[in-house]
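Engineer: 3D, please:
(2 chains)
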Amino acid sequence: MTSMRPVLPPSHILRDDKNGPQMWVQEAIFGHRFMEEQKPFMLVLEALAVCRARLATPDLPGGEPRPIFPGLPSDGTHEAIQVAVPKMAEMRLLLFRGQSLEVIEANAQLSDDEKLARLVTELNTDAGKLLGRPKAFDYLLARFRGRFPELAVAIRLLRGLEVDALNSRRWTSRFLVPRGPHLQISDLREDFTADRRFFGRGGEIAYLMLNRSPLAGPLGERIRASFLDVGDPLDHLARVLSPAEGEQGGGGDIGYLPCPNAPAYGRLAEDWLAILSLPRLPSAQKLDPLSRLTALSLVRYIAERSAEVVGADPDPMPLDLMDGARSDLRDLCRSHFERARAQVHDAVASHIRQVLEAREDWRNACSALGLANRSSLAKQAILDAFRAASWDAGAGLLEPDEWMERFIEAAKSRHRNGIAGIVKPTAEGGGFSTSRQKVGTWWRATDEFLEALVLANVAGTMTIEEFAARLHARYGLVIGSTEADLSFPTRGFDITSFEENFRSFERRLAGLGYVRRLSDDCAFVSNPFGAGATR
Amino acid sequence: MKNTLIDLLAAYGPVPDGNAMYDELVGIAARRAGLNPIMIPETVSADVVALVSGPVPLSVILTGTAGDGKTYTARKAFESVASDRGSIWTDKEEQSIEIEGLGRRVTFVKDLSEIDPTDKEKLLPRLLASLTGEDMHEVFVICANDGHLLRTWREHGAGDTRAQALLGALADMLRDDSVEPPDGRPFRLINMSRRSHGETLGAVLAAMLEHEGWSACPTECPGLGSATPCPIRLNRELLLVEGPATIRSRLRHLIEIAAADNDHLSLRQVMILVVNALLGDAKGQARPLLTCTKARARAADGDYDATNPFANLLGENHPKVARERIGAFATLRRWAVGEETNNQVDDALLDPEAAAGIPLHSQYGLRLMEAIRASYLENPPALIEKLRPLLRDQRRRLFFTLPEPPEGTGSGLDPWSLTLLHSGALYTNLLRPSPAQEPAATASARKILVRGLNRTLTGSLTETSDALWLTQPSGVFLGQEVPLLLDEPLRWRGRGRSYVLDLEAPTTPGRPPRLLVSEERSRAAVSTLDLTPTLFEYLARVADGALPTSFSSQCHQDVRSFQVRTAGAIEALEKEAGRRIEIRVIDVSGANLRDQAFPFEEERP
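Structural biologist: Numbers count the residues shown, from 1 in each chain, chains lettered A, B, ... in the order given. Presented below is the predicted three-dimensional model:
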């Protein structure tokens, strides 16, 4: 059994014993919290929303702007950061509700100003119903008199920036490419309070990781220049279309990340900094690779943290590049995918044992005389240790170990914030796992994921072998036979499958324009968006 | 009653890739034939001698694809340096010669990957000292595959900053095809695969077809005047013909096109192709090459379908499995010569009345499909399977012998329409050095290129082909319904303002032409797009109104990446210069693209 690592107190989340999150097990290990519905791009948008909130808060005494990343407090406490969210109600209505623009535009009977008036009337009706403010859009009348055609183009341009547009979520959970602060839309309930359905705090956790990384300072500057600058023309359009005074929503406490430091934090920050520093990659194109790399970092964080709690080495990730064409490799990738989830459960069990064994009330329970005493003391110790008031423990007299096993089962199978359950959607959204009927889910790379790996990991001249070695060293990804030999010393598979996998890796990268083969013996990976790259 | 040259030539014929015994086999065949081996003239060995024995001692690294003559060149250089010193080239991997007057030793390494580990440990410190200029008394001529070269320094140079710096320099040089190191280190890197493919093919054809041994052909064999000539002599004649519509010319184009698509054929592979065209025999079973005896039998039986060089150039005389293991055939077959067709060609082949305008040939022409063709017209379903391969071989013959129709006539009798690369005529023009290009064809290529790019970038069927409308990447998968123009349309150099386009001929043999975006004044490159034959064909088909799904995903990706790189670079440059980037709305509703003001532009800060 490993000794438990010191973690930060979650006092900003757990203010008193009664209210707030219950069953504090997976949260204590991994953080508070992750949600299955939160797609990788939403992780990035949520993290950026925290950054924007930092900039929107008043300057420090002396007029200096607040840094995006203040760093972990030096007094051993958790960050206490308030995240205020602008409601942006008019923008959301204008872009995601009104279906009437095209109809009004095509109505040849109306003059431009009549069209504007008609549009405002329809929007106001909607605003009356949804916001209780039937004059919400009157500001458009004065601002765009005589300029209806321009307004129409502007709305269409902004609608064209919607991310994941094919998905039909509620109108308060639709998002734009974050090219500037006015295009950053946060997820809210339809009454404009946070229900954390899509912004489930995973992005807050990513923010906290970045905040605790050694690169936080330079990264903050890059984030500001890439996403919070107001120079983008489309960000300007969003500003023009918004009312002068936007309504600010209430603030909330940021989520919880237990360990003060971990390798995953630095790695995530390196990846973000690498993407944001690419001089030839326009800001708008940065969201996609950032999302995929953030998803990868979270999945690796979960694997590494599980392994740490269990006292094992993190499991490598054999990655299928052949779309399942070789079933032996696919099966290996599947079994490692399953292990990633199983190890979360093992970590839950280990954590519960470790916590209880370190508690005096538990030890007292175990040594108490009489089953009735042991049973009630043990159950109470569990309830106290894990904020488990909501645990449907069942009745009966049980030995402490039996109570513990019963609690472990309950903690594993809990659906809400089940860490094992978020691995699959996060990996699938990031483009590094896939599911097929009768096969299951396995680690498998999409082209977009490969692209993100190149953008974050290739600078200068690098051979494809060096690239694969770097992916192995940084993320534990196993692609070719060299890495397979390192990761799986007791080889239970046909090594030619990894050789074939590596050839497929090269072929796909070449198809994407990132690999050029010089001869039968040498191929280079290049990052065309890096400094000095002209090819 | 045979010509021993035929056996010697066969020794250069098709073998599966990676046969390490090649040199030995060829040597034995030459001795047995009592003839000189095939000599391909080369000039690199003289360059090597000049470098190692010049006033400043310079080492030479010879790199390149297997079969491009690294070891051969090193050996020639050795023999030249050693000529008056009595040293003999041996089997040893490492051998040295002293050049007394210069106080210098030249060490030749035949193949870096063949040196055994203990010798390598001793060799590498000396090599490093020489390549970094610390030891001026020993220079090296070293043959190494590029990948092996890099691996060697990565494995043996860990922790040594000099070796790390050398590794970085070598990687950059290999990537950029540069011969001289950037920082004045005393060595040169010569890539043997960067020889012009046209020159290589010409040299191989000359060495094989004009070999002195041809004079030894027995006089009693049926000559070219006969109705049933010796197929070897017949094929030699076909390969000797010069001109634009000949095997020589079209084969050269195919090899150059493949190279521009990153599929380089080595000298040895070119030799394989020529031998197979000359001696290929589809009836040969285990040994699909003609001997004099077999050639006589084929002629006597009129079996010219077996010796058809137009089919055998593509490996048709080999069983499928064997063929796939020979890289040269796989490379040529990718272009699907004879697999594509059009009505005009097929009508001409199937209907003797319509045959006007296509080249004929007594042995390899329509005669080969005559029997089936006649009955096919009576009963097509029964015979189509038999006719198909015959038709395909005739189309292959036409590919090698049809003249290109004049530019812009739209005639179906275009040899390139019988391949995957319909735009081959325009493309091969772009592969030439700029002064040698046909101006009219280059102008057409530019228009097609720009129109294809404009259509891809704006998602419309625009006709605009005079300027490239670079759209702003939106960051969204589906792209924007309303495309945005970044800066102003990019025009060709001489007609544009801040940023301009150039169509660059290949800078090194084997590289594709490139579309270059650069700053007008400084000429500094902003971005480039490699115009591989596949991408050019894609753009040509898009410009022509087709949506070529078969190879669109990679090409679409190439264009998208070019768009993002160019937009990103222009945005970065404008920002650096303190200028505000202009954005306009593109109106795609008309035949030509038009731009409109960006909404509320005057209010932009």
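
Engineer: And chain A, is stretch B:512-521 touching that?
Structural biologist: No - counting by Cβ under 8 Å from any Cβ of the partner chain, no contacts exist between stretch B:512-521 and chain A, the nearest distance being 8.8 Å. For every residue, glycine as well, the C-beta is placed using N, CA and C.

Engineer: residues of that stretch that come out buried?
Structural biologist: Neighbour-count burial for stretch B:512-521 flags B:Pro512, B:Pro513, B:Arg514, B:Leu515, B:Leu516, B:Val517, B:Ser518 (criterion: 16 or more other Cβ atoms under 10 Å in any protein chain shown).

Engineer: now do stretch B:583-600
Structural biologist: B:Ile583, B:Arg584, B:Val585, B:Ile586, B:Asp587, B:Val588, B:Leu593, B:Asp595, B:Phe598, B:Pro599, B:Phe600.

Engineer: likewise stretch B:188-195?
Structural biologist: B:Arg188, B:Leu189, B:Ile190, B:Asn191, B:Met192, B:Ser193, B:Arg194, B:Arg195.

Engineer: Do that stretch and chain A come into contact?
Structural biologist: Yes - Stretch B:188-195 comes into contact with chain A (Cβ under 8 Å from any Cβ), by way of B:Ser193.

Engineer: For that stretch, list the C-alpha coordinates in CSV.
Structural biologist: Taking Å, rounded to 0.1, in the frame of the first residue of the first chain, the C-alpha atoms of stretch B:188-195 are listed here in CSV:
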residue,chain,number,x,y,z
ARG,B,188,29.5,17.9,-48.7
LEU,B,189,26.3,15.8,-48.8
ILE,B,190,25.6,14.4,-52.2
ASN,B,191,22.2,12.8,-52.7
MET,B,192,22.6,10.3,-55.6
SER,B,193,18.8,10.2,-56.1
ARG,B,194,18.8,13.8,-57.2
ARG,B,195,20.0,13.1,-60.6
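
Engineer: Please flag which of the buried residues of stretch B:512-521 sit within strands.
Structural biologist: B:Arg514, B:Leu515, B:Leu516, B:Val517, B:Ser518 (DSSP state E).

Engineer: can you give me phi and psi for the closest residue in space to the last one that isn't next to it in sequence?
Structural biologist: The reference is to B:Ser518. Excluding its sequence neighbours, the residue lying closest to B:Ser518 (Cβ to Cβ, 6 or more residues apart in numbering or on different chains) is B:Ala525, at 5.1 Å. Taking degrees, to the nearest 10, you get phi -70, psi 140 for the backbone angles of B:Ala525.

Engineer: Surely B:Pro141 is in a strand?
Structural biologist: If you look again at residue B:141, you'll see it is Val, not Pro. Yes - using DSSP: H, G, I helix; E, B strand; the rest coil, the secondary structure at B:Val141 is a strand.

Engineer: can you count the residues close to it?
Structural biologist: Counted by other Cβ atoms under 10 Å in any protein chain shown, the residues lying close to B:Val141 total 25.

Engineer: and if you look at A:Arg66?
Structural biologist: A:Arg66, neighbours per other Cβ under 10 Å, totals 14.
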